[in-house]
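In: Next come a sequence and a model predicted from it.
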Amino acid sequence: MPFNLPIFLTWARVATIPLIVSVYYLPDTCLLMPSKNLLATVLFILAALTDWLDGFLARRWQQTSSFGAFLDPVADKLMVAAALLVLLDLGRVNALLALGIIGREIAISALREWMAQIGAMRSVAVNFLGKLKTVIQMIAIPMLLFYRPLGPLDIASMGTFMLWLAGFFTILSMAYYLRLAWPLILSSQADKHIE
């Protein structure tokens, strides 16, 4: 397994996940809810920035690796899933929306795994819809973690709207990937019948 700064940043993002979750388990005598919200928001934003930075550095320094390509999306999915579960526990996100987003991530990861096994990974490579969905999620989640007005801005309502928008692009991107994979799924089923 290669080890370099981009991979270290990805591991740091994974390590941030339990920190974000544990903030909300601190006793109120130690940290009040507004401070918990602020700390979790800052941790999430810092972790999200490492997502951009590790990819940038890996390309810039030509330190890309198959392990890094595997770990990076796993770290992102873990971070989003953990944050959504925290937000669900806090009553800040709709359960069906959280389930849809997390379920899509699991389904597409499984689809990519299967496509890699049959040598067709390029058919479901990340596209614009998937990237747009991720960007919107990474904006919405800190807003829902912060959850307080910021001057005249109703951050909680904006975050809720953005997460529903991310949910829309989640379904749209899943439909796009499934449409690309569908011919291969059908041919795979046909091959089984021939055997």
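Out: Nice, I can see it.
In: elements contacting the helix or strand bottoming out on mean pLDDT in the chain?
Out: Within the chain, judged by mean pLDDT, DSSP states H and E, the helix or strand with the poorest mean is helix 155-194; its value is a mean of 84. Contact here means 3 or more CB pairs under 8 Å, 6 or more residues apart in numbering; DSSP states H and E; on that basis helix 155-194 packs against helix 95-117, helix 128-146. (Each C-beta comes from the backbone N, C-alpha and C, glycine too.)
In: quick one, which of those is nearest to residue 26?
Out: Using CB to CB as the measure, helix 128-146 is the one of the helices and strands packed on helix 155-194 that comes nearest residue 26, at 14.5 Å.
In: Show me where this protein dips below the pLDDT cut-off.
Out: Screening the chain residue by residue with the criterion pLDDT under 70, one finds the ranges 1-2, 120-126, 188-195.
In: one more time with 80
Out: Low-confidence segments of the chain, defined by pLDDT under 80, span residues 1-3, 66-70, 112, 115-127, 184-195.
In: ok, and for stretch 128-143, which residues are buried?
Out: Counting neighbours by 16 or more other CB atoms under 10 Å, one finds that the buried residues in stretch 128-143 are 129-130, 133-134, 136-143.
In: Nearest to residue 90 among those?
Out: Using CB to CB, the shortest approach to residue 90 within these belongs to residue 141, at 12.1 Å.
In: Confirm for me that the closest one is in contact with residue 87.
Out: Yes. Under the criterion of CB atoms under 8 Å, residue 141 makes contact with residue 87 at 7.3 Å.
In: Neighbours of residue 66, how many?
Out: As a burial measure, the neighbour count of residue 66 was computed by other CB atoms under 10 Å and equals 8.
In: on that earlier part again, could you figure out how far the least confident helix or strand of the chain is turned away from helix 128-146?
Out: Counting by axes from the mean of the first three to the mean of the last three CA atoms, to 10 degrees, helix 155-194 points 140 degrees away from the direction of helix 128-146.
In: now helix 155-194 against helix 95-117, angle please.
Out: Following the same axes, to 10 degrees, one obtains 40 degrees for the angle between helix 155-194 and helix 95-117.
In: Thanks a lot, catch you later.
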